[in-house]
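In: Quick one: sequence and predicted model below, then my questions.
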Protein chains: 2
Amino acid sequence: MRDTPINESFTLTPIGYIESDYPDKFGVPRQPGLATAAKATLVLAPPFNTPLCVRGLETFSHLWLSFIFHRSPQEWTPLVRPPRLGGNKKTGVFASRSTHRPNRLGLSLVELINVNTQDGVRLLLKGADLVTGTPVVDIKPYLPWAEALPDARSGFAPAPPPFYPVEFSMAAESALHAHADGDNLRSLITQVIGQDPRPAYHQTGSTRDYGMQLRDINIRFQAQKMSNDSTVMYITDIQKAT
Amino acid sequence: MRDTPINESFTLTPIGYIESDYPDKFGVPRQPGLATAAKATLVLAPPFNTPLCVRGLETFSHLWLSFIFHRSPQEWTPLVRPPRLGGNKKTGVFASRSTHRPNRLGLSLVELINVNTQDGVRLLLKGADLVTGTPVVDIKPYLPWAEALPDARSGFAPAPPPFYPVEFSMAAESALHAHADGDNLRSLITQVIGQDPRPAYHQTGSTRDYGMQLRDINIRFQAQKMSNDSTVMYITDIQKAT
């Protein structure tokens, strides 16, 4: 009865590529929508970069992007350790949104800001959690009457991850002041670092210095334990990336 | 800077296959969730059919399935005619959920009823819009705090499609009475035929007889124009499929 033989495989061709604020995997938010100051552009590739392909897309405020986790290894394991469980409990790979999964398919809900068809097709997006260079394989409009299910149960991930307060050193403040787009950059850094991008297994008691890149800058930060036992993410330094 | 060469392609291997109430493409609802009486099972294939892969999945009520429109042609065109626009207006393929699209990737939000790991892994689903034999390439849990956006704008598809009243002939009624699962079958037929599965270009003034298959039965139906200009979907006959 089955008309698809088991083990048949399917080939995907990217329809375009992402240009984003995230040059590197480390620090990319773990879900889309968490860092709304993050901008990204989906640049459609030939033969998909005709205005016809996106006609009517501007009537939707949100899009689903299907993409490939091209920086993740091809290997997968049945069990993964989601950061949401502190990195020490295991869950099934299909019960997670881990980037280490069979087929390496990603799915992100992003806000559509603008459709530019001046020269090819460029979609300006907000809140994306996609590293620069990500190959996108499909775009679908978001349908709130079918896909907004606020009462759905989500057992071990029932709410957004916590955000930590973010503070800037004097040196970091000066660097922001000197930056052309300092205010937006401050928002972006706060949103990204505030979610604690450290690996889950570092998240207890480490005072290590971490680095991450956003746009054209390098950021150094530490997680500092306060006397009342709360955690503050402290930006020690901001430097132009070389 | 890009680390993925343009025109690189990616290969997907199905992680499992669908067994559903829809043996054939014709009549399958145009969105998931519209026919809640429809049952489907996702049967995971080796090496993915280990209970480990789905550990914790039962804590989620809804899942995203990524799948291949394996019955759709490989060809695609930049413009499509969505049934929602009456079949006579064109929109861009990426502004639609058309099954005729580059990469033939489908995305359905389904309700998870049960995870059976007795012998391999079988996920019992509700409200799926998937034809039997559909190759599934990924499962992701639905996260309502990130993905339920009731205020999102969806320009040309702002609400569910209309449902028409469904009436059954005497012959159809008798066949339902004689069927072991007649009540559930009546709900399923009502939900599926009530959304008017006819091609959009037939939806004005045609009194043709249509046939579709659900589970193990063949259904004949007509769209009847009433004197007050409303439309009723009339089930003329129900027969055991041979």
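Out: Perfect, thanks for sending it.

In: mind listing the helices for chain A?
Out: With DSSP state H applied, chain A shows helices at A:144-147, A:170-178, A:182-193, listed in chain order.

In: quick one: which of these is nearest B:Arg104?
Out: Nearest of the helices of chain A to B:Arg104, taken as Cβ to Cβ: helix A:144-147 at 20.3 Å. (Each C-beta comes from the backbone N, C-alpha and C, glycine too.)

In: Low-confidence ranges, chain A, go.
Out: Confidence mapping of chain A against pLDDT under 70 gives the ranges A:1-7, A:201-206.

In: for it, which strand is longest?
Out: If you go by DSSP state E, chain A has its longest strand at strand A:105-116.

In: Return the angle between stretch directions for that one and strand B:105-116.
Out: Interaxial angle of strand A:105-116 relative to strand B:105-116 (axes from the mean of the first three to the mean of the last three Cα atoms, to 10 degrees): 150 degrees.

In: who does strand A:105-116 pair up with?
Out: Here strand A:105-116 has these sheet partners by DSSP bridges: strand A:62-68 (antiparallel), strand A:122-126 (antiparallel).

In: Now mean neighbour count too, for these, in CSV please.
Out: As requested, the strands paired with strand A:105-116 are exported to CSV (neighbours: other Cβ atoms under 10 Å in any protein chain shown):
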stretch, mean neighbour count
strand A:62-68, 23
strand A:122-126, 20
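
In: Looking at those, which is nearest to B:Arg97?
Out: Using Cβ to Cβ as the measure, strand A:62-68 is the one of the strands paired with strand A:105-116 that comes nearest B:Arg97, at 9.6 Å.

In: How about the contacts made by the residue nearest to A:Pro165 when sequence neighbours are not counted?
Out: Nearest non-adjacent residue to A:Pro165, counting by Cβ to Cβ, 6 or more residues apart in numbering or on different chains: A:Val232, 5.1 Å away. By Cβ atoms under 8 Å, 6 or more residues apart in numbering or on different chains, A:Val232 lies in contact with A:Tyr164, A:Pro165, A:Val166, A:Glu167, A:Ala223, A:Gln224, A:Met226.

In: Buried ones among these?
Out: The neighbour count (16 or more other Cβ atoms under 10 Å in any protein chain shown) marks A:Tyr164, A:Val166, A:Ala223 as buried among those.

In: What is the nearest of those to chain B?
Out: Of all the buried ones among the contacts of A:Val232, chain B sits closest to A:Tyr164, with 18.0 Å by Cβ to the nearest Cβ.

In: what's the closest one sitting at in phi/psi?
Out: Dihedral pair for A:Tyr164: phi -100, psi 150, per degrees, to the nearest 10.

In: pretty sure it contacts A:Ile235?
Out: No - assessed by Cβ atoms under 8 Å, A:Tyr164 is found out of contact with A:Ile235, at 11.7 Å.

In: Show me the domain layout of chain A.
Out: Annotated domains of chain A cover A:16-147, A:166-240 [automatic domain parsing].

In: how much space between A:Met212 and B:Thr41?
Out: For A:Met212, the distance to B:Thr41 (Cβ to Cβ, to the nearest Å) stands at 43 Å.

In: distance of the residue lying closest to A:Gln191 once chain neighbours are set aside from chain B?
Out: Leaving aside its chain neighbours, A:Gln191 sits nearest to A:Ala35 (3.9 Å; criterion: Cβ to Cβ, 6+ apart). Per Cβ to the nearest Cβ, to the nearest Å, A:Ala35 is found 12 Å from chain B.

In: for A:Ala35, what are its contacts?
Out: For A:Ala35, the contacting residues are A:Pro29, A:Gly127, A:Asp129, A:Leu188, A:Gln191, A:Val192, A:Gln195, by Cβ under 8 Å, 6+ apart.

In: Starting from A:Leu130, give me the distance back to it.
Out: Taking Cβ to Cβ as the measure, A:Ala35 falls 11 Å from A:Leu130.

In: what does A:Leu176 give?
Out: Computed as Cβ to Cβ, the A:Leu176 to A:Leu130 distance reads 24 Å.

In: Between the two, which is the more surrounded one?
Out: A:Leu130 (26 against 18; other Cβ atoms under 10 Å in any protein chain shown).
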